[in-house]
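Colleague: Sharing a model prediction with you, sequence too.
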There are 2 protein chains.
Amino acid sequence: MEHVYAVIMAGGIGSRFWPRSRVTRPKQFLPLIGGQSMIEATCERLRSWLPDEAILVVGSGIHEPICRKLLPWLPQENLLLEPAGRNTAPCIALAATVLQRRDPQASMICLPADHYIGDDAAFRDCLQQAVRASRDGRLLTIGIQPDRPETGYGYIRAAKGEGARPVISFHEKPRREQALEYLASGEYFWNSGIFVWQCHSLLQGMERHCPQIHQPLQALPPTGNPAFPQALEETFANLPSLSIDVGLMEPASREKDRVAVISSTFPWSDVGTWQALHGMREQDPEGNAATGQVVLVRSRGCLVEGGEERVIALVGMENTIVIDTEDALLVCRMDADQEVRAVIEDLKQRGWHEPL
Amino acid sequence: MEHVYAVIMAGGIGSRFWPRSRVTRPKQFLPLIGGQSMIEATCERLRSWLPDEAILVVGSGIHEPICRKLLPWLPQENLLLEPAGRNTAPCIALAATVLQRRDPQASMICLPADHYIGDDAAFRDCLQQAVRASRDGRLLTIGIQPDRPETGYGYIRAAKGEGARPVISFHEKPRREQALEYLASGEYFWNSGIFVWQCHSLLQGMERHCPQIHQPLQALPPTGNPAFPQALEETFANLPSLSIDVGLMEPASREKDRVAVISSTFPWSDVGTWQALHGMREQDPEGNAATGQVVLVRSRGCLVEGGEERVIALVGMENTIVIDTEDALLVCRMDADQEVRAVIEDLKQRGWHEPL
């Protein structure tokens, strides 16, 4: 497909996979599933049908070395470095601004670098369907058919119909009773954070709903200009931190025929927690997923990640996460994995910076 | 007291404290409580009232270097090395044979190297009382007043009375209902494995009840004789493996006025498991006992042993043992700590010998 570009959002500094993830190597750069890092897998999924020049990565400045190392094929000018993290709205607006100047007819697929996609062909078909649907100016989002009352995701309510269905409303992470209602109604999708639109539609939307982000970015010099990095840094320093959902998609969904959702047809996970990862790993008959030199005695439902240097033995353990790295060890109850962030805070307060 | 000798039994190869304990450094050589190893603490407790020459250590040949290192004051000839582990009967009989030749009037206190004693003065008084009581030829054992229906210890039933009370019977580790009955009756002690007797009484008893051990040891050349080590090795190779309880104390207790028990007056623990150790360590208000660089998030009742090299974080864990060493890590449910042995067996079967 011509004039189609993929923008991979790789600016996350997720700490939920500590101690495997670190400040210098967050989740998207880890080989959590299979041998490839999440970002490599995401890129390969797109490179099968898009040329390298049509793939852009937006990442944090501190991750430039690892991006270059993992993605040596990525054209130099297609790695956009954010001087500061400002959530997805500035990230996407920056990529759109750059792309629009390169190709005024550009269509843009925005997707996170760290999601699991279970069927590459279905994923491609779905994105291509969205690209076609977005040609009339609509902002498309990919919705995931929910299979459980998940409280960790945002939800999208869609009008009845086939194909690209009008979005009625966006809903933040619900409480459990609400999630059960969403699931039972059959009218709701999970918000995957994957978006498809024409560059100029997106920029129009940003101009209307997020002028405080749109205008400073429009004022940037061309990327090739020696003044660009300095200008970008100063601009980002003053931008608000805002998600594209709250900044653009929610207000735009109140306009008629402006926002639509296409149902996914591929297995998907945002691999948000160790628990989610455990569910995706191959497990023994007792539900254990282990890597490294691991001895399990009367244990079940455990996720164990070790290396070749040390033996890890579990005795009588259930539903426990054990992540062993060179300088840090995590032992965590499976359903407490959201609280790993408290460890990070504690380490910071103690001034133990090495294992962060 | 003259003619009084202490024989410290240090031949254990206990694997229940794996991965802290190893084949080359079992429990008695570890500083599990306080800064001293168990064997050092045991020796110091005796050196406060016995001369160094009156202390003998019986250990395994493979532990000679660590014994010499930890006990530099121990006279060369007072370290008896067993060529093979044959349980306590051959160990004690060997020590008695050697002692009897040195001092025909010798009184012998036999005690394990790896017990916790909470009151050194009371311990000394108790042993001295036992030495005096043993002068009429009786075999004395120290009984511990039970405070719970422990199923992991042997029990001793004593006749009513004060001081050194005749032993009615010895009982192997009971089932729980039986242990509850023992506890309720008030007639039973735990078998501490601490014994006091005159050398010649012990040897008489061995001659009668364990001739298959007694006779070969009597035939040994003097310890100073160059032929001694070789003779000892050949002798031990053919000795049966037998505990002093089963081999001597049980049959002797069926003789009239032959075996007696003295109640302990000191806090005692055999520190048999990680769980027992956890109960003896200083704990935070949530019942956690941790050493090393440890971060605890919403965790309680845990024992964590780490070092200075790695951060250990526990999140949402309860009643869990985490023992971190350079080449092996144990994560174990508190009440499953008896099953640590299964890990050792598994490691052996896999041929992973380094962490044993």
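Modeller: Alright, I've got the coordinates.
Colleague: Please, where are all the helices along the stretch 101-250 of chain A?
Modeller: Using DSSP state H, counting those that start in this stretch, the helices of the stretch 101-250 of chain A run over residues A:120-133, A:176-185, A:199-209, A:211-218, A:228-238, A:244, A:250-252.
Colleague: Quickly note the distance from residue A:223 to residue A:232.
Modeller: 9 Å (CB to CB, to the nearest Å). (C-beta placed from N, C-alpha, C; glycine too.)
Colleague: More neighbours: the two, which one.
Modeller: More crowded of residue A:223 and residue A:232, by other CB atoms under 10 Å in any protein chain shown: residue A:232, with 22 against 14.
Colleague: Please name the nearest non-neighbouring residue to that one.
Modeller: Among residues not flanking residue A:232 along the chain, residue A:83 sits closest, at 5.9 Å (CB to CB, 6 or more residues apart in numbering or on different chains).
Colleague: what sits against that neighbour?
Modeller: By CB atoms under 8 Å, 6 or more residues apart in numbering or on different chains, the contact list for residue A:83 reads A:61, A:229, A:232, A:233, A:236, A:237.
Colleague: Most neighbours of all those residues, which one?
Modeller: residue A:232 (22 neighbours).
Colleague: ok, back up a step: generate a markdown table for the contacts of residue A:83, with pLDDT as supplementary columns.
Modeller: Listed next are these as a markdown table, based on pLDDT from 0 to 100:
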| residue | pLDDT |
| --- | --- |
| A:61 | 92 |
| A:229 | 93 |
| A:232 | 96 |
| A:233 | 96 |
| A:236 | 96 |
| A:237 | 95 |
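Colleague: State the phi and psi torsions of the residue of the stretch 1-150 of chain A found nearest chain B.
Modeller: Ranked by CB to the nearest CB, the top residue of the stretch 1-150 of chain A for proximity to chain B is residue A:19, at 7.4 Å. Torsion angles at residue A:19 (phi, psi; degrees, to the nearest 10) stand at phi -90, psi 0.
Colleague: Help me confirm that it comes into contact with residue A:328.
Modeller: Yes. Assessed by CB atoms under 8 Å, residue A:19 is found in contact with residue A:328 at 3.7 Å.
Colleague: what's the helix or strand for the closest residue to residue A:129 other than its chain neighbours?
Modeller: Nearest non-adjacent residue to residue A:129, counting by CB to CB, 6+ apart: residue A:262, 6.0 Å away. Using DSSP states H and E, residue A:262 maps to strand A:259-263.
Colleague: Strand partners (parallel or antiparallel) of the next helix or strand after that strand?
Modeller: Later in the chain than strand A:259-263, the nearest helix or strand by DSSP H and E is strand A:268-269. Strand pairing for strand A:268-269, using DSSP bridges, gives strand A:116-117 (antiparallel).
Colleague: which parts of stretch A:101-120 are buried?
Modeller: A:106, A:107, A:108, A:109, A:110, A:111, A:112, A:113, A:114, A:115, A:116, A:117 (16 or more other CB atoms under 10 Å in any protein chain shown).
Colleague: Tell me the bridge partners for the fourth one.
Modeller: Residue A:109 has these beta-bridge partners by DSSP bridges: residue A:6, residue A:196.
Colleague: The last one now?
Modeller: Each beta-bridge partner of residue A:117 is listed here, defined by DSSP bridges: residue A:268.
Colleague: Could you check how far stretch A:248-263 is from the centre of its chain?
Modeller: Here the centre of stretch A:248-263 is set off from its chain's centre by 20 Å, with CA atoms, centre = their mean, to the nearest Å.
Colleague: now swap in stretch A:282-302 and tell me
Modeller: That offset, for stretch A:282-302, works out to 29 Å (CA atoms, centre = their mean).
Colleague: Stretch A:234-249 now?
Modeller: Worked out by CA atoms, centre = their mean, stretch A:234-249 lies 16 Å from the chain centre.
Colleague: Export it to CSV, keeping only CA atoms.
Modeller: Provided in CSV are the C-alpha atoms of stretch A:234-249 (Å, rounded to 0.1, in the frame of the first residue of the first chain):
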residue,chain,number,x,y,z
GLU,A,234,12.4,23.5,24.2
THR,A,235,9.0,22.7,22.7
PHE,A,236,8.6,19.4,24.5
ALA,A,237,9.7,21.0,27.8
ASN,A,238,6.5,23.1,27.6
LEU,A,239,4.1,20.6,26.2
PRO,A,240,1.4,19.1,28.6
SER,A,241,1.4,15.4,29.3
LEU,A,242,-1.7,14.1,27.6
SER,A,243,-2.9,10.8,26.2
ILE,A,244,-4.3,10.7,22.7
ASP,A,245,-7.5,9.1,24.1
VAL,A,246,-8.3,11.9,26.4
GLY,A,247,-6.8,14.7,24.3
LEU,A,248,-8.3,13.7,20.9
MET,A,249,-10.3,10.5,20.6
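Colleague: Show me what that stretch is in contact with.
Modeller: By CB under 8 Å, 6+ apart, stretch A:234-249 touches A:82-90, A:92, A:110, A:139, A:141, A:154, A:167, A:170, A:191, A:193, A:195, A:202, A:205-206, A:209-210, A:212-213, A:216-217, A:219-220, A:259.
Colleague: Check which helix or strand residue A:32 maps to.
Modeller: Applying DSSP H and E, one finds residue A:32 in no helix or strand.
Colleague: Distance of the residue nearest to residue A:232 relative to residue A:62?
Modeller: Counting by CB to CB - residue A:83 and residue A:62 are separated by 10 Å.
Colleague: okay, now the closest residue to residue A:75 other than its chain neighbours: neighbour count?
Modeller: Leaving aside its sequence neighbours, residue A:75 sits nearest to residue A:53 (CB to CB, 6+ apart; 5.7 Å). Other residues within reach of residue A:53, judged by other CB under 10 Å, total 12.
Colleague: quick one: residue A:263 and residue A:188 touch, right?
Modeller: No. Contact status for residue A:263 versus residue A:188: not in contact, 11.1 Å apart, counting by CB under 8 Å.
Colleague: any chance you could map the strands in the stretch 1-150 of chain A?
Modeller: Ranges of strands in the stretch 1-150 of chain A, per DSSP state E, counting those that start in this stretch, are A:4-10, A:55-60, A:79-82, A:107-112, A:116-117, A:139-144.
Colleague: May I have the fourth one exported as CSV, CA atoms only?
Modeller: The C-alpha trace of strand A:107-112 is given here as CSV (Å, rounded to 0.1, in the frame of the first residue of the first chain):
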residue,chain,number,x,y,z
SER,A,107,-1.7,7.5,6.2
MET,A,108,-0.5,6.7,9.6
ILE,A,109,-0.8,3.5,11.7
CYS,A,110,0.1,4.3,15.3
LEU,A,111,0.9,1.3,17.5
PRO,A,112,2.7,0.5,20.8
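Colleague: just the angle between it and helix A:199-209, please?
Modeller: Taking axes from the mean of the first three to the mean of the last three CA atoms, to 10 degrees, one finds that strand A:107-112 is oriented at 70 degrees with respect to helix A:199-209.
Colleague: Just the angle for strand A:107-112 relative to helix A:120-133, thanks.
Modeller: Using the same axes, to 10 degrees: strand A:107-112 against helix A:120-133 is 130 degrees.
Colleague: quick check: domain ranges of chain A?
Modeller: A:4-269, A:274-350 (automatic domain parsing).
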